[in-house]
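1. sequence first, then the predicted structure, then my questions.
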Amino acid sequence: MNIKFSGFNENVLTFEYTGTLNQGDLVKMTTSCKVTKAAANDSFIGVCVNTRNGYAAVQLNGYAEIAKSGTVNVGYQKLVSAGNAVKTAETGIDRLVIYVDDTKVGIIL
């Protein structure tokens, strides 16, 4: 891809997290001010960009490239977690998919 979208409208918040969470993991809310890694078929709020001492920096807006599972088309798609990737679903949050290749998608969170 010759065009870069990183940096667009990025918004990162810090949350406490439970369980194991790594950079690049899709994140969901668990309780007030706490997040965890999104499991398969979970809706997600964003992508973990860093963890430290029980806290996670989570990107909530902007452009993110994420691994994909199955076929994902460009345009607005309902996406959910597929573990370490995203997949389309009947329900979920509409995300704007602007880039697709064989292994990943670029979405606006």
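-> Great, that's in hand.
2. count of neighbours near Thr36?
-> When counting by other C-beta atoms under 10 Å, one arrives at 20 neighbours for Thr36. For the C-beta atoms, the positions are set from N, CA and C on the backbone; glycine is no exception.
3. tell me the spacing between it and Asn22.
-> Distance check for Thr36 against Asn22: by C-beta to C-beta, to the nearest Å, it reads 12 Å.
4. same check on Val100?
-> In terms of C-beta to C-beta, Val100 sits 24 Å off from Asn22.
5. neighbour count: these two, which is higher?
-> Val100 (16 against 11).
6. now Ala82, nearest residue through space, not along the chain?
-> Once flanking residues are discounted, Ala82 sits nearest to Ser69: 3.8 Å by C-beta to C-beta, 6 or more residues apart in numbering.
7. I'd say that neighbour and Lys87 touch.
-> Yes - the pair Ser69 / Lys87 is scored as a contact, 4.3 Å apart, by C-beta atoms under 8 Å.
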